[in-house]
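Colleague: Here is a sequence with its predicted model. Questions after.
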Amino acid sequence: MRVRLKSFQNHIEPASMQSMAIQCLRIKRIVSSLQKFFLLLVISR
């Protein structure tokens, strides 16, 4: 059981790390776009 679990973790870890990195990039993009939007709102006022 333990050996199986370890190999399973080793198999999953790289993929999850990749997806986490992609999610972080997406969040950063969304945040930057939101900041731009708020700046435009402030300027238009």
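Modeller: Good, I have the coordinates.

Colleague: Can you give me the neighbour number for residue 33?
Modeller: Residue 33 has 10 neighbours, counted by other CB atoms under 10 Å. In short, each C-beta sits where N, CA and C put it, glycine included.

Colleague: How much space separates residue 19 from residue 34?
Modeller: Using CB to CB, to the nearest Å, residue 19 is found at 22 Å from residue 34.

Colleague: Kindly state the pLDDT recorded for residue 38?
Modeller: Looking at residue 38, its pLDDT is 94.

Colleague: Residue 13 too?
Modeller: Reported pLDDT for residue 13: 66.

Colleague: For residue 22, pull up the helix or strand it's in.
Modeller: If you go by DSSP states H and E, residue 22 is part of helix 2-44.

Colleague: I'd like the distance from that helix to the chain centre, please.
Modeller: 0 Å (CA atoms, centre = their mean, to the nearest Å).

Colleague: what packs against that helix?
Modeller: Here helix 2-44 touches no other helix or strand, going by 3 or more CB pairs under 8 Å, 6 or more residues apart in numbering; DSSP states H and E.

Colleague: which intervals of the chain have sub-threshold pLDDT?
Modeller: Counting by pLDDT under 70, the chain contains low-confidence ranges at 1-13.

Colleague: Recalculate using a threshold of 80.
Modeller: 1-15, 17 (pLDDT under 80).

Colleague: Relative to the centre of it, find the outermost residue for me.
Modeller: Distance from the centre of the chain peaks at residue 45, with 32.8 Å (CA atoms, centre = their mean).
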